[in-house]
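> coordinates only, sequence not included:
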């Protein structure tokens, strides 16, 4: 494969590029989502229900460290895409080296702190009573592996920034498939229990990092680092932090909304209402994977062409991504509107849940065809290195609009007020994002383009 294939991002047709970037990203997201579901089934059946609770206690810690790696990855990859587009290879190399150094330093510090305060952290996340011992056993092993996970998440985004979506897809599939196979070996065959589950997870991260290292050391990558690239540069670190902070903020807001919703729904309708939301949450994760894939595929194309000052291609990328995403969003919308009962029955046979979930699901997905504008719009500002608008637009959907709505509407409309909050926040955030995106297109993307 050509060492300068990232140039294809500025030369090939936008529609073709978007498909090439989005399809592998979508497959990777789907496989990772399925892995979470199947892994839970394996652990529950081979170890017991207490094991599921123990793993859930540990997940917020490992997810936070993984999100840190993703934030560093996405922040740096925005810089790399634009640097490659501007043919500034030195800046791309320095950024990548700084990403690696930052990820290693921060995650190692977090692992040391996590192990030092292990007996305090586990109970604070719900690992009490019978859950404490298996959670501690699993947590200790997995925590050693999360720096590898963070490096994988960071490296994956850089591979995508180089315009190599298929390699990025394989990097996402390896830990998912590896974890399932090793679960079977360590838990079912060797009967290692929670230690087996922990080692299966950690080993899958190591396998993934091994593949990513092979990629960057092989001729497939055009980013060949020098020792000096690993030295932290203040300006580079600041830019990575500003852009990566958008991703980290998004993860934090998601955690807060989950916490609020679980408590509000439990107070309104008890355990069955929480179960309804759990099912809807899984559907949001699975059903939207093609739209999220387009968003991931959009980032390097927009960033590269913006860096190359090919603003006509940036605008075409925006319009094409929105068109494709809206088409997929409408298909998802129809599926949910027509078959909410059948979808719910896949998860449970509880009569209360089967009665309440279909109506709730319809409300939650009501604005799906248009919310893609919000996703693509906020991604655009991140891709071109505009951290503040990217940060603010990311917060609009689940922070600025959604949280106030779920705190106010249920007081007047009860549980239905919670479900109405979803489409309302989607519509409001989409209107705001569309306004700023349109202004950007009309006033910022107007410089005479360079010819390809």
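Perfect, I can see it now. Being a predicted model, the structure only gives us computed values, none of them experimental.
> for the stretch 301-450 of the chain, what spans make up the helices?
For the stretch 301-450 of the chain, the helices defined by DSSP state H, counting those that start in this stretch cover 311-338, 340-347, 351-364, 368-383, 387-395, 402-413, 415-443.
> can you say which of those is nearest to residue 160?
helix 368-383 (11.4 Å; Cβ to Cβ). Any C-beta I mention is one placed from the backbone N, CA and C, and that applies to glycine too.
> take the helices of the stretch 301-450 of the chain and write them to CSV, including mean neighbour count, distance to residue 300 and mean pLDDT.
Shown next, in CSV, are the helices of the stretch 301-450 of the chain (neighbours: other Cβ atoms under 10 Å; distance: least, Cβ to Cβ, whole Å; pLDDT from 0 to 100):
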stretch, mean neighbour count, distance to residue 300, mean pLDDT
helix 311-338, 20, 10, 92
helix 340-347, 16, 33, 82
helix 351-364, 19, 30, 89
helix 368-383, 26, 8, 90
helix 387-395, 20, 15, 84
helix 402-413, 15, 29, 92
helix 415-443, 18, 19, 93
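> neighbours around the closest residue to residue 257 other than its chain neighbours, how many?
Spatial nearest neighbour of residue 257, chain neighbours left out: residue 398 (5.4 Å); criterion: Cβ to Cβ, 6 or more residues apart in numbering. Number of residues near residue 398 (other Cβ atoms under 10 Å) recorded here: 19.
> kindly report the same for residue 292.
19.
> now the angle from the helix or strand encompassing it to helix 311-338?
Per DSSP states H and E, residue 292 falls inside helix 289-307. With axes from the mean of the first three to the mean of the last three Cα atoms, to 10 degrees defining the directions, helix 289-307 sits at 170 degrees from helix 311-338.
> helix 289-307 - contacts with which helices or strands?
helix 14-46, helix 49-85, helix 132-161, helix 311-338, helix 368-383 (3 or more Cβ pairs under 8 Å, 6 or more residues apart in numbering; DSSP states H and E).
> re earlier: tell me which of the helices of the stretch 301-450 of the chain sits nearest to residue 175.
Nearest to residue 175, of the helices of the stretch 301-450 of the chain and by Cβ to Cβ, is helix 368-383 at 24.2 Å.
> who does the closest one touch, helix- and strand-wise?
helix 49-85, helix 234-269, helix 289-307, helix 311-338, helix 387-395, helix 415-443.
> now the third one: how far from the chain's centre is it?
It stands for helix 289-307. The gap between where helix 289-307 is centred and where its chain is centred comes out at 13 Å by Cα atoms, centre = their mean, to the nearest Å.
> what about that helix, average pLDDT?
What helix 289-307 shows for mean pLDDT is 87.
> next, the angle helix 132-161 makes with it.
50 degrees.
> now do the contacts for the residue nearest to residue 257.
250, 253-254, 257, 425 (Cβ atoms under 8 Å, 6 or more residues apart in numbering).
> now do the same contact list for the residue lying closest to residue 82 once chain neighbours are set aside.
Nearest residue to residue 82 in three dimensions, chain neighbours excluded: residue 307, at 3.2 Å (Cβ to Cβ, 6+ apart). For residue 307, the contacting residues are 81-86, 88, by Cβ under 8 Å, 6+ apart.
> now do 10 Å
Going by Cβ atoms under 10 Å, 6 or more residues apart in numbering, residue 307 touches 9-10, 78-88, 91-92, 314, 383-385.
> kindly report the same for residue 365.
280, 283-284, 287-288, 329, 332-337, 340, 371, 422-423, 426.
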